[in-house]
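Chemist: just a sequence and a predicted model for now, questions to come.
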Amino acid sequence: MQALPTLTDGMIVLRPWVDDDADDLFREIQDPEVVRWLNIDMPYTLDDAAGFIAQVVERWEQRAGAHFVVADAGDGRFLGYLGVLDAGKSMKVVEIVYWVAAAGRRRGVARRAVALALEWVLLELAPERIELAMVDGNEAAIRVAEANGFQLREIVSGGATLDGRPADKRIYDFSLPN
C-alpha cells in the first residue's frame, strides 16, 4: 500500500502525522480560535491528541481519509492540520478540511495548504467532487475557498455550531477539469 506522501510548495509542507506531533496538536487545540470554528469538545487532552494521530494512519490505510500536518518548509514548525476526508464512497467525493495554528495565520498558510492538497487530490485520487465547508461568518475560510477556485454551492441553515449555538454552514464545490 502506498504511504501518504509529503507535499511541498517550498514555503509549507504537508506531511503524514507521527507520534511526536501529539504535543504540538495538544498545544494548538487549546487555542480558543481553533476550538471556536471547529467546535471541538473540551477539555482536549494529550491522550486525545495521541489517539487522533493513531487513528489517522488507519484511516489512510482504509482510504477513508488523508490527514496531514501543515508545517513550515524552512524550520519544520507545526502550522496546522489539513484533511482530505471521504465524503462519499472510496474517496470519490472528498471534503478538504483544515485549521491553522496562530503561528501560521495571516501568512497564506491555509491558501497554500489547500492548493497543495487540491493538486494532489486531482492527480492521485481523481474524485468526482471536491467540497470545502465552513461555518458561515468565518471570513478567513471563505477567502481561502474562493482564492482556490471553490464556488459556493449552498448555505445550510443550522448545519454547523458556533459558540455552542446552531449556525449556518457554507458548502463550496471545486470545478473539476473535464
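Modeler: The structure has been received and is ready for your questions. Numbering: from 1, shown residues only.
Chemist: give me the number of residues near H67?
Modeler: 21 (other Cβ atoms under 10 Å). For glycine as for every other residue, the C-beta is placed from the backbone atoms N, C-alpha and C.
Chemist: who touches it in this structure?
Modeler: By Cβ atoms under 8 Å, 6 or more residues apart in numbering, the residues touching H67 are L4, P16, W17, V56, R59, W60, Y81, L82, G83, V84.
Chemist: tell me the confidence at it?
Modeler: Predicted confidence (pLDDT) for H67: 95.
Chemist: also the one 10 residues further on?
Modeler: Per-residue confidence at R77 stands at 96 (pLDDT).
Chemist: and it, how many neighbours?
Modeler: 13.
Chemist: list the contacts for it?
Modeler: Neighbour list for R77: A71, A103 [criterion: Cβ under 8 Å, 6+ apart].
Chemist: quickly note the distance from it to V109.
Modeler: For R77, the distance to V109 (Cβ to Cβ, to the nearest Å) stands at 11 Å.
Chemist: now the contacts of H67 in a markdown table, with secondary structure?
Modeler: Output for those, formatted as a markdown table (DSSP: H, G, I helix; E, B strand; the rest coil):
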| residue | secondary structure |
| --- | --- |
| L4 | coil |
| P16 | strand |
| W17 | coil |
| V56 | helix |
| R59 | helix |
| W60 | helix |
| Y81 | strand |
| L82 | strand |
| G83 | strand |
| V84 | strand |
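Chemist: V35 touches P43, doesn't it?
Modeler: No. Using Cβ atoms under 8 Å, V35 makes no contact with P43, being 10.4 Å away.
Chemist: which one's more surrounded, the two?
Modeler: V35 (16 against 8).
Chemist: wait, what's in contact with the more buried one?
Modeler: For V35, the contacting residues are I29, M42, Y44, by Cβ under 8 Å, 6+ apart.
Chemist: so which of those comes closest to A147?
Modeler: Taking Cβ to Cβ as the measure, I29 is the one of the contacts of V35 closest to A147, at 25.6 Å.
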